[in-house]
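Q: 3D, please:
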Amino acid sequence: MPKGKGIKKSIEMLWGIPMFPVLLLGNFVFGLATSFFAPYASLFGIDEVGMSNMQFGFFMTIISVGAVVITTIIGKTSDRVPSRKKLLLLTTGAAILGYAGFAFIRNFYLLAFIAFFLLGTAASIVPQLWAFTREALKQSTVEEKNAFCNECFPCVLRSLGRWGQQLQGGYCMSLDLRVFFYAYQADIY
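A: Reported below is the predicted structural model:
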């Protein structure tokens, strides 16, 4: 927090940055979606799709390799373009299509294709979002351009891992799935 300022002044300063509320919402939604998918990826792959352990390991490797390869390409492109807005829209669209594909497709090969290309592209959301935020901060009229502004996004993203898990636990309890709830809570603590 900036020296000599209270929380209220700091929040007012953040809301004064152009596009800050929209970018914070995007960061929030992506973090929440990731926290919902990550804990259940193995259950989805093995139980829902019917992958063997070897196929699931290959599937997770495909996601990682796609993320490294495509994020590198997008990062190099991002450094050359004046505005990251189109890249941010591309990566967000890829995430939406990728996770929607997971909701409806149960073919291993199609899921592997989606994992490499769409989720690989979606892996660039966070770096592009934070780079776009730095650009917005540079263009703003906020008097104090400091690390506090840049740390808001990582802080929100890290805390979403816990919030998403708590929402999932509450959902299990609301469906009277106490066994899942207790096992899930034991896993996150």
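Q: Phe20 touches Ala136, doesn't it?
A: Yes - assessed by CB atoms under 8 Å, Phe20 is found in contact with Ala136 at 6.7 Å. Placement of C-beta: from N, CA and C, glycine included.
Q: more crowded one of these two?
A: Phe20 (20 against 17; other CB atoms under 10 Å).
Q: can you tell me which residues contact that one?
A: Leu14, Thr133, Ala136 (CB atoms under 8 Å, 6 or more residues apart in numbering).
Q: look up how far Ala115 lies from Pro21.
A: Plainly put, Pro21 is 32 Å away from Ala115 if you go by CB to CB, to the nearest Å.
Q: likewise for Arg106?
A: Counting by CB to CB - Arg106 and Ala115 are separated by 13 Å.
Q: those two: who's more crowded?
A: With neighbours defined as other CB under 10 Å, Arg106 and Ala115 compare such that Ala115 has more, 24 against 11.
Q: ok, the closest residue to the more buried one other than its chain neighbours - contacts?
A: Leaving aside its sequence neighbours, Ala115 sits nearest to Ile63 (CB to CB, 6 or more residues apart in numbering; 4.6 Å). Listed by CB under 8 Å, 6+ apart, the contact set of Ile63 reads Ala115, Phe116, Leu119, Gly120.
Q: from those, which land in helices?
A: Gly120 (DSSP state H).
Q: ok, so of the contacts of Ile63, who is nearest Gly98?
A: When the contacts of Ile63 are compared for distance to Gly98 (CB to CB), Leu119 comes out closest, at 4.6 Å.
Q: show me where pLDDT drops low in this protein?
A: Applying pLDDT under 70 to the chain flags residues 1-5, 140-189.
Q: against Ser78, how distant is Thr133?
A: 13 Å.
Q: that should have said Thr61, apologies.
A: Using CB to CB, one gets 25 Å for the distance from Thr61 to Ser78.
Q: could you do Ser35 as well?
A: To Ser78, Ser35 is 25 Å away according to CB to CB.
Q: ok so, going back, how about the contacts of Phe20 in TSV, adding distance to Ile96?
A: Converted to TSV, the contacts of Phe20 look like this (distance: CB to CB, whole Å):
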residue	distance to Ile96
Leu14	26
Thr133	20
Ala136	22
